[in-house]
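Colleague: fold the following, please.
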Amino acid sequence: RIDFVCEEYSQEVLGFSDTTELKVCEAKTIKSSVDEPPEVELKDLPHYLEYVFLEGDNKLPVIIAKELGSEEKATLIKVLKSHKRAIAWKLSDIQGINPE
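Modeller: Now for the predicted structure:
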């Protein structure tokens, strides 16, 4: 009971006890670029690099080393595809970054 009274008193002193002024805000839903891949302009790469795409139709490009063997390349692409939601394709994909 003492803890409750102390907590109640602390809340009142700090001004947290008045909940009548709480605002309800609508959460903005920004679609991830994995769900809606952006159109990107692919630039020329040095001879030792190449583009691979994690989605069909040239979507979700990544740059990898051209000298990878076919098994290494396939394994890398498989890992990248399994973690594509963790890759920041655009600023709004980075948690904590406000794109506006």
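Colleague: all contacts plus neighbour counts: C-alpha atoms, from now on.
Modeller: Will do.
Colleague: now for the residue lying closest to Tyr48 once chain neighbours are set aside: which residues touch it?
Modeller: In this structure, Tyr48 finds its nearest non-sequential neighbour in Lys66, 5.2 Å apart by Cα to Cα, 6 or more residues apart in numbering. Residues in contact with Lys66 (Cα atoms under 8 Å, 6 or more residues apart in numbering) are His47, Tyr48, Leu49, Glu50.
Colleague: could you dump those to TSV with secondary structure?
Modeller: TSV is the format used below for those (DSSP: H, G, I helix; E, B strand; the rest coil):
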residue	secondary structure
His47	coil
Tyr48	coil
Leu49	strand
Glu50	strand
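Colleague: Throw these into a markdown table and include distance to Glu72, pLDDT and neighbour count, thanks.
Modeller: Listed next are the contacts of Lys66 as a markdown table, based on distance: Cα to Cα, whole Å; pLDDT from 0 to 100; neighbours: other Cα atoms under 10 Å:
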| residue | distance to Glu72 | pLDDT | neighbour count |
| --- | --- | --- | --- |
| His47 | 19 | 97 | 9 |
| Tyr48 | 15 | 97 | 10 |
| Leu49 | 14 | 96 | 14 |
| Glu50 | 14 | 96 | 15 |
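Colleague: can you put the residues you listed in CSV and add distance to Asp57?
Modeller: Shown next, in CSV, are these (distance: Cα to Cα, whole Å):
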residue, distance to Asp57
His47, 23
Tyr48, 23
Leu49, 20
Glu50, 16
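Colleague: and which of those residues is nearest Val62?
Modeller: Nearest to Val62 among those, counting by Cα to Cα, is Glu50 at 8.3 Å.
Colleague: who does the closest one bridge with?
Modeller: Beta-bridge pairing for Glu50 (DSSP bridges): Ile64.
Colleague: isn't it up against Ile63?
Modeller: Yes: look at Glu50 against Ile63 with Cα atoms under 8 Å: they come within range, at 5.5 Å.
Colleague: end-to-end on stretch 58-73?
Modeller: End-to-end distance of stretch 58-73 (Cα to Cα, to the nearest Å): 17 Å.
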